[in-house]
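**Q** Fold the following for me, if possible:
(2 chains, ligands or ions: 2)
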Amino acid sequence: MTEAFLGIDIGSISTKGVIIDDGGEIIARSYLWTEGNPAQATKNVIAELREQIDEGDVKVRGAGTTGSARRLVGAMLGASVIKNEITAHAVGTTYVHPDVRTILEIGGQDSKIICVSGGIAVDYAMNTLCAAGTGSFLSSQAHRLGVEVEEFGEIALTSQNPANIAARCTVFAESDLVHKIQVGYARQDIIAGLCQAVASNYLNNVGKGKKIEAPVVFQGGVSKNVGVVAAFERLLDMPVIVDADGHLMGAYGVALLARDAGASATDTSEGGAFASGAFDFEAALDFAYTTRETHCGKCANNCEIILVYRDKDLVDAWGNRCEKGEVMKARERKAAK
Amino acid sequence: MPMPKIHEVGDRVRSSVALHTEKKREPRLRPRQHLKKKLRHKPTKVAIFRYSYYAPAFKYFIEQVLDCEYLRLPDPTDRNIELGSLYSSDYVCTPFKHILGDFIEALELGADIIVQTGGPCRLGYYGELQESILRDLGYEFTMLNFSHGIEKGYVGWAKEVLKVVNPDLNIPHAVRQLIATGGMMSKLDEAHDFYLANRGFEVEKGSFDRAWTALSDAFDACKTDRDITEAFRIAMERFHEIALDKPENPLRIGVVGEFFTAIDENSNLHLERKLTDMGIEIHRMINFTNRYTHYNEPNLRRGASKYLLYDMGPTSTMTVAAALSYAQQGFDGVVHAKSAGCTPEIDCVPVLQQVSADYGMPILYLTYDAQTSDTGLDTRLEAFYDMIAMKKEKHL
Ligand code: SF4
Ligand code: SF4
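**A** Ligands and ions are numbered 1, 2, ... in the order given. Next up, the predicted model:
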């Protein structure tokens, strides 16, 4: 029998999931679009993961969640670890590359940099303000140029002469791009220019003031773009490592954290996915999750409170800024009785 | 030309002297009322903007120094920053918006006089701008702006206060009480230092917050210097009696930054509460006492002369010197809090990065504007906590 742990990373654009075994080896992986519905995306990811394992042999003892919808999905699954993306990425990456010094990450809507020393994160920065230079920016520009974003990198590599594109802000980049198309720049030069702009924009914003030391690992959806990788290598003048599983590092990191937390940290309460002590895929896929929003109304802040129900039970609630707005969960109510 | 007669010269001199002094004297708008001292002054409601935990000292100042009625603003809600942002320029620094929101709420509650303390940097110019915004909104009020008169030293400042608020103050009494107000500010800061260092380790949740409320209430009731000393003694005893479960070598973080955002919990979204909730010992050099009462910029700068050659701004020296001293004491990290668009503190960032690199101490940079959300802040603080906690574990 294999003891295993589940990690899910629910971002605004994509949802990633892995199952790891005791030894930290990834035995199942999945990567799907979130499409604005984290609960459904998680179910889809879980269904995909399930197909890759032998349920008779693999027993999933705990789960961890990260990403912007970590709390919601954590409540759904009864996760033992709910962690921010930075910690999750740092933990996952340092496990695979114990000697890493710098982690660059560009995702769908945000980007971050983590500086590592002696296997632990010592500094980080994240950009949440502007979408310029992230995955969604690249795909909208690809759309404008009529190419698939997946082909972007390959095309960029064919350019001898990357165009100079001002990518400090999405609006400027777009108008500059339109201008370059109109004056007849070659398509591969524009695409290479975009990749170059993404890399330099990242280094000038997120990476500003950070000492970037080798080995450098590049992750996130955009790391699959060989054009951007080449641009980073040129700008930094050092090799940039991209792992095949680099886009799954957040999920991998929380799975490791769940493993370290052990089975005892898992919520095995009745009715949950871990009620039997091992993850019940059938049940997790069957549960009906609903989220409802209410307003506290006990003071002028009128906090928006998010309520998460599994079938009829309230499994989690948050958003209240003070204890007056606290909502009792089903489990606590039972315990109080 | 006939010589003027001697008595005519005397007249001319006297009249020119009279004219000269007349010009210098302020016109007296109100006929002086000769009432009994107590009745001379009709109760006037005075309000000050919200600023961290200093409300009891503001109350003492208004009641005991100015001899007016203190109008207390209720606990802030989102409406505060909404109002402030609505009537401010988008690019003005965030403290301006908070203070403007406070003033609007105060005027709605019937304040006659609002107090703008001014301060270093652009704060010194806030008063005029806020006053004209509020007048355009149609409010009628008097503004006591400390920036007026302060350029003429304490005497000029005192004259301004007399003129605007209460011409019939008993000056020696007011001076004594002003000194007592300063004493209360220092005691609040001293108590808060203890609170920050230990709140994260209380055995019974909420003990420190209850003790703080008790201190605040006791200070509210003070009328004399002696009351303050006594209230403080009792409060500190209570603080020291709280049972703690504090490890030998806890995580320690220093908070540095801009005068308003680093201190005021409404502006920094309860940064200190969030950090102490995680079980961290917090130190914060910047507060009223250290920035005003004991402030000696050249001295402070000398301690950080490797990083600072001149005074870069109202709080810059303290920001850098404090971060450096935390680094030298082996703190686990520093959190730098500033308002969006705060030029002097933005200038500190590269210096802080140098300190961070030299001492291997992580620094988290937080910028607050009217849109800063709790969720985003929580994520960053949690990541910062994980980072320094893992680092510490590894080194032990
Ligand atoms: S949770 Fe607290 S702060 Fe939020 S609306 Fe209710 S009473 Fe007000
Ligand atoms: S110190 Fe910063 S926030 Fe304060 S007035 Fe100056 S610029 Fe504005």
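
**Q** For the stretch 1-150 of chain B, which residues are neighbours of chain A?
**A** For the stretch 1-150 of chain B, the residues in contact with chain A (Cβ under 8 Å from any Cβ of the partner chain) are B:75, B:77-79. (Each C-beta comes from the backbone N, C-alpha and C, glycine too.)

**Q** Now, of the residues you listed, which are buried?
**A** Buried members of those, scored by 16 or more other Cβ atoms under 10 Å in any protein chain shown, are residue B:77.

**Q** out of the residues of the stretch 1-150 of chain B next to chain A, which are inside helices?
**A** B:78-79 (DSSP state H).

**Q** ok, the residues of the stretch 1-150 of chain B next to chain A vs chain A, which is closest?
**A** Of all those, residue B:77 has the smallest distance to chain A: 3.8 Å, by Cβ to the nearest Cβ.

**Q** Now for the closest one: which residues touch it?
**A** A:299-301 (Cβ atoms under 8 Å, 6 or more residues apart in numbering or on different chains).

**Q** Could you report the distance from it to ligand 2?
**A** Going from residue B:77 to ligand 2 by Cβ to the nearest ligand atom, to the nearest Å gives 22 Å.

**Q** next one: residue B:70
**A** In terms of Cβ to the nearest ligand atom, residue B:70 sits 25 Å off from ligand 2.

**Q** what do you get for residue B:122?
**A** In this view, residue B:122 and ligand 2 are 4 Å apart by Cβ to the nearest ligand atom.

**Q** Can you pull the phi and psi angles for the nearest residue to that residue once chain neighbours are set aside?
**A** Sequence neighbours aside, residue B:93 is the residue nearest to residue B:122 in space, at 6.6 Å (criterion: Cβ to Cβ, 6 or more residues apart in numbering or on different chains). For residue B:93, the backbone dihedrals are phi -70, psi 150 (criterion: degrees, to the nearest 10).

**Q** and residue B:93, what does it touch?
**A** Going by Cβ under 8 Å, 6+ apart, residue B:93 touches B:122, B:339-342.

**Q** circling back to that earlier point, list buried residues within the contacts of residue B:77.
**A** Here, 16+ other Cβ under 10 Å leaves A:299, A:301 buried among the contacts of residue B:77.

**Q** Go through the contacts of residue B:77 and name the one nearest ligand 2.
**A** Here the nearest of the contacts of residue B:77 to ligand 2, counting by Cβ to the nearest ligand atom, is residue A:301; it sits at 24.0 Å.

**Q** do you know how far that closest one is from residue B:77?
**A** From residue A:301 over to residue B:77 the distance is 5 Å, taken as Cβ to Cβ, to the nearest Å.

**Q** again with residue B:341
**A** Using Cβ to Cβ, we find residue B:341 at a distance of 24 Å from residue B:77.

**Q** Dump the contacts of residue B:77 to a markdown table, plus distance to residue A:193, secondary structure and pLDDT.
**A** Shown next, in a markdown table, are these (distance: Cβ to Cβ, whole Å; DSSP: H, G, I helix; E, B strand; the rest coil; pLDDT from 0 to 100):
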| residue | distance to residue A:193 | secondary structure | pLDDT |
| --- | --- | --- | --- |
| A:299 | 52 | coil | 81 |
| A:300 | 50 | coil | 77 |
| A:301 | 47 | coil | 79 |
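
**Q** and the residue of the stretch 151-300 of chain B found nearest ligand 2, what pLDDT?
**A** The minimum distance from the stretch 151-300 of chain B to ligand 2, using Cβ to the nearest ligand atom, falls at residue B:258 (4.9 Å). With respect to pLDDT, residue B:258 scores 93.

**Q** Could you give the backbone dihedrals for it?
**A** phi -80, psi 150.

**Q** Show me the shaky parts of chain A.
**A** A:128-133, A:167-170, A:264-265, A:268-271, A:330-337 (pLDDT under 70).

**Q** which residues in it form strands?
**A** Using DSSP state E, the strands found in chain A span residues A:2-10, A:14-21, A:26-33, A:58-66, A:81-82, A:102-106, A:111-117, A:120-127, A:216-219, A:240-241, A:289-295, A:304-310, A:313-318.

**Q** Reformat the ones you listed as JSON lines; add distance to chain B and mean neighbour count.
**A** Shown next, in JSON lines, are the strands of chain A (distance: least, Cβ to the nearest Cβ, whole Å; neighbours: other Cβ atoms under 10 Å in any protein chain shown):
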{"stretch": "strand A:2-10", "distance to chain B": "14", "mean neighbour count": "26"}
{"stretch": "strand A:14-21", "distance to chain B": "18", "mean neighbour count": "25"}
{"stretch": "strand A:26-33", "distance to chain B": "22", "mean neighbour count": "18"}
{"stretch": "strand A:58-66", "distance to chain B": "10", "mean neighbour count": "27"}
{"stretch": "strand A:81-82", "distance to chain B": "10", "mean neighbour count": "24"}
{"stretch": "strand A:102-106", "distance to chain B": "12", "mean neighbour count": "27"}
{"stretch": "strand A:111-117", "distance to chain B": "8", "mean neighbour count": "23"}
{"stretch": "strand A:120-127", "distance to chain B": "5", "mean neighbour count": "21"}
{"stretch": "strand A:216-219", "distance to chain B": "16", "mean neighbour count": "24"}
{"stretch": "strand A:240-241", "distance to chain B": "22", "mean neighbour count": "20"}
{"stretch": "strand A:289-295", "distance to chain B": "12", "mean neighbour count": "13"}
{"stretch": "strand A:304-310", "distance to chain B": "11", "mean neighbour count": "19"}
{"stretch": "strand A:313-318", "distance to chain B": "9", "mean neighbour count": "19"}
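
**Q** Please name whichever of the ones you listed is nearest to residue A:145.
**A** Distance to residue A:145, taken as Cβ to Cβ, is lowest for strand A:102-106 among those, at 19.2 Å.

**Q** Sheet partners, orientation included, of the closest one?
**A** The pairing partners recorded for strand A:102-106 under DSSP bridges are strand A:111-117 (antiparallel), strand A:216-219 (parallel).
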